[in-house]
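K.L.:
Kindly return the folded structure for what I paste below:
(chains A and B)
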Amino acid sequence: MKRLLLLLALGSGGCLEFARVSIAIDVRAKKMTAAFKSITSDVMPGDDVSPDAHHLLAITSDEKEAKGLGNALGLGEVTYGARTVTVAGDRLDGAMEVAFERLADVRVSGYDATRPYRYCPPSGMVVTGANAAFRDDRGCVIWEDSTQILRVDLALESQPRGTSLVSAWRAIAK
Amino acid sequence: MMRAMVGYRALALMALTGCTTLPALPPAPRPTPPSEAAPVDPPLRPLLDIPYAEARTPFADEESLFRAVREAFVANGFEDAQAIKLAFDDVLLEPTASASAVTTRHFLGDGAWVREHMSALSKTLYQGKLEPYFRQFDDERQAFEAYHTAMSLLVAHELARALAMARGAEVDDERASRFEWAVLGELVRLGRVPARWIELYKHYYTVMAAAAPAGALADAAKFRLELAKQPAAPFRELVSLIPIDSAPVHATALRVARAVFGDKVIEREGLPLEIRVERDGASWTMVVVAREASDGKSGRVTLSSRLPDLLAPGDAGDFERVASPLALQPALDHLVVVESAARHGAPLWVELVRDLMAAADGGVPGLAQAMREQTDAMAKLRPDLLKFPGLAEKKR
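P.N.:
Numbering: from 1, shown residues only, chains lettered A, B, ... in the order given. Below you'll find the predicted structure:
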């Protein structure tokens, strides 16, 4: 997301950002969950964040908006499941479920004959942790065949501005 | 009475604990440790604690190699490569274009008939000069490596041709050879083949160039050697070598043109929009040529990598508008982006800019920042460029 959504809201707000996202890809059940930590807006502190809060609400209810979020994660043709937003103290967290047919649609490709899973982060994000066996020099992570659930922690390459959406969210999500 | 009471209490206790009178059972086996009961996923740990991948297993067979090459095409925006079927036997045995593969099969001792075939090819095409080259490959490992190298290149060559044909066009040998070289670079970049395969490629064509008589074969080998003197071009730069008039791209291009020119742009049967990429030194430009409904004059939409174009549109046509000033290297990502926007069906302009920025984020260091600055500059200098249909839909 970060600045990728810059033009979505020119003149009417900012962009939604998230600092970190943890994904879990079940290669056999063909399901993926993404847990977004600390969803914020990139507007200047003091500016109106309500458009971004409404955008966030739309993501939870509108599949088209969810697809935008999926695009930010570099997802391909997937089926979007539930999207939720929760208030966790002074921050907003979110979760999204997707189902997929092809691993390539969740950015998983093969590595070699014995290591069939490799995940490469989408543009603008870096892998900060994984339950993988190896990594390569491109920042991708690689699993052995025996792993069923591929877990990856991702963070934005650049620091998000991090203007809180909690108050605005509470106002609209009652 | 006491015995009866004890019996009663014992029965009650048995009832409470679910006990019952059962025949003697064998002792239960020891609980299976979790690691044996089912695969246990490894724990999450910081990236830096994860070791680098080391040895890579070569492709297990031709099919896995073919898949890898095809995946490289698909991952670089050639989605229709997924539907291309190549018959390996046809590819391998086609007498001239596939001489390389037959040659490498010879290294593997893949049947007397292949050796006979190769021997005939060597005599007829290379005047028997390849025999010394064959003898260099006594080592089985080297032979396998040479085989896989030639196979991956052959598949890339044939896949590029098949893709172009599926799109209703021809790709000549020179263009297909560029694909070979780029695919090799891409496979190395993806870690699917070791970098030393590039040396095999050079060696292979050095021998071929020396052995081939003057003419097309020698020229082809020399051309490949010239290619090999350069770093393998980024795969996506070769997008322009295959016509990009597939339906989704065409539809997107039409939307681009309408966004810029308005409803004057029409889509005519048999007169598709023309999309091409022009290169001028380090600068890349994607041009979409549309036709105007009333008088048939053509107009152009330019997605340019040159910032000056934003401020001083060129003189290429009456309708020329610069749709993007974004510096992008390699700028041919534009085309992939257009395809991506079409696939996702999102508001075009927003998607274009967003994807361009994403592409830059994954590219040259510092480029993303430069693009953001240019985007900001664009918003200030040419706000009209941002007033496209689609963007308005997003405003709340």
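K.L.:
When you work out contacts or count neighbours from here on, use the C-alpha atoms and nothing else.
P.N.:
Fine.
K.L.:
my guess is B:Leu154 is in a helix, correct?
P.N.:
Yes - assessed by DSSP: H, G, I helix; E, B strand; the rest coil, B:Leu154 belongs to a helix.
K.L.:
Surely it touches B:Trp181?
P.N.:
No - here B:Leu154 does not reach B:Trp181: they are 10.3 Å apart, not a contact under C-alpha atoms under 8 Å.
K.L.:
Look at the two and report which has more neighbours.
P.N.:
B:Trp181 (27 against 24; other C-alpha atoms under 10 Å in any protein chain shown).
K.L.:
right, and that one touches B:Leu227 too?
P.N.:
Yes - between B:Trp181 and B:Leu227 a contact is recorded at 7.2 Å, counting by C-alpha under 8 Å.
K.L.:
For chain A, which segments count as strands?
P.N.:
For chain A, the strands defined by DSSP state E occupy A:16-26, A:31-41, A:78-88, A:91-100, A:108-109, A:117-119, A:125-130, A:134-135, A:141-143, A:149-156.
K.L.:
check contacts around B:Ala221.
P.N.:
B:205-206, B:208-209 (C-alpha atoms under 8 Å, 6 or more residues apart in numbering or on different chains).
K.L.:
now, among those, which is nearest to B:Gly128?
P.N.:
Distance to B:Gly128 across the contacts of B:Ala221 (C-alpha to C-alpha) is lowest for B:Met208, with 11.3 Å.
K.L.:
helix, strand or coil for the closest one?
P.N.:
Here B:Met208 is helix, with the state taken from three-state DSSP.
K.L.:
give me the number of residues near it?
P.N.:
22.
K.L.:
do you know how far it is from chain A?
P.N.:
31 Å (C-alpha to the nearest C-alpha, to the nearest Å).
K.L.:
Would you agree that residue is in contact with B:Ala218?
P.N.:
Yes - shown here, B:Met208 and B:Ala218 form a contact pair, counting by C-alpha under 8 Å, at 7.3 Å.
K.L.:
any idea of the mean pLDDT in stretch A:39-50?
P.N.:
Mean pLDDT, stretch A:39-50: 83.
K.L.:
my bad, should have said stretch B:175-190
P.N.:
On average, stretch B:175-190 scores 76.
K.L.:
then it to CSV, C-alphas only?
P.N.:
Coordinates of the C-alpha atoms in stretch B:175-190 are reproduced here as CSV (Å, rounded to 0.1, in the frame of the first residue of the first chain):
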residue,chain,number,x,y,z
ARG,B,175,14.7,-11.8,-32.3
ALA,B,176,14.2,-15.3,-31.1
SER,B,177,18.0,-15.5,-30.4
ARG,B,178,17.6,-12.4,-28.2
PHE,B,179,15.0,-14.2,-26.3
GLU,B,180,17.3,-17.1,-25.8
TRP,B,181,20.0,-15.0,-24.3
ALA,B,182,17.5,-13.0,-22.2
VAL,B,183,15.9,-16.2,-20.9
LEU,B,184,19.3,-17.6,-19.9
GLY,B,185,19.9,-14.4,-18.0
GLU,B,186,16.5,-14.6,-16.4
LEU,B,187,17.0,-18.2,-15.4
VAL,B,188,20.3,-17.3,-13.8
ARG,B,189,18.8,-14.3,-12.1
LEU,B,190,16.0,-16.5,-10.8
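K.L.:
If you count neighbours, what's buried in it?
P.N.:
Within stretch B:175-190, the residues that count as buried by 16 or more other C-alpha atoms under 10 Å in any protein chain shown are B:175-188.
K.L.:
Inside helices: which ones of these?
P.N.:
Judged by DSSP state H, the buried residues of stretch B:175-190 include B:175-188 as members of helices.
K.L.:
could those be laid out in JSON lines, adding distance to A:Leu73?
P.N.:
JSON lines is the format used below for these (distance: C-alpha to C-alpha, whole Å):
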{"residue": "B:Arg175", "distance to A:Leu73": "34"}
{"residue": "B:Ala176", "distance to A:Leu73": "33"}
{"residue": "B:Ser177", "distance to A:Leu73": "34"}
{"residue": "B:Arg178", "distance to A:Leu73": "32"}
{"residue": "B:Phe179", "distance to A:Leu73": "29"}
{"residue": "B:Glu180", "distance to A:Leu73": "31"}
{"residue": "B:Trp181", "distance to A:Leu73": "31"}
{"residue": "B:Ala182", "distance to A:Leu73": "27"}
{"residue": "B:Val183", "distance to A:Leu73": "26"}
{"residue": "B:Leu184", "distance to A:Leu73": "28"}
{"residue": "B:Gly185", "distance to A:Leu73": "26"}
{"residue": "B:Glu186", "distance to A:Leu73": "23"}
{"residue": "B:Leu187", "distance to A:Leu73": "24"}
{"residue": "B:Val188", "distance to A:Leu73": "25"}
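K.L.:
Tell me the one of those residues nearest chain A?
P.N.:
B:Leu187 (11.0 Å; C-alpha to the nearest C-alpha).
K.L.:
ok, the closest one to B:Phe179 distance?
P.N.:
12 Å (C-alpha to C-alpha, to the nearest Å).
K.L.:
Does A:Gly129 touch B:Pro46 like I think?
P.N.:
Yes - between A:Gly129 and B:Pro46 a contact is recorded at 4.1 Å, counting by C-alpha under 8 Å.
K.L.:
between these two, who's got more neighbours?
P.N.:
Legend: neighbour count by other C-alpha under 10 Å for A:Gly129 and B:Pro46, higher for A:Gly129 (20 against 14).
K.L.:
Quick one: residues contacting that one.
P.N.:
Here A:Gly129 is in contact with A:152-154, B:44-48 (C-alpha under 8 Å, 6+ apart).
K.L.:
in the sheet, who's paired with A:Asp26?
P.N.:
With DSSP bridges applied, the residues forming beta bridges to A:Asp26 are A:Lys31, A:Ile149.
K.L.:
Now for it, how many residues are close by?
P.N.:
17.
K.L.:
As TSV, the contacts of B:Ala221 with pLDDT would be great.
P.N.:
Output for those, formatted as TSV (pLDDT from 0 to 100):
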residue	pLDDT
B:Tyr205	78
B:Thr206	81
B:Met208	75
B:Ala209	80
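K.L.:
Sounds good, over and out.
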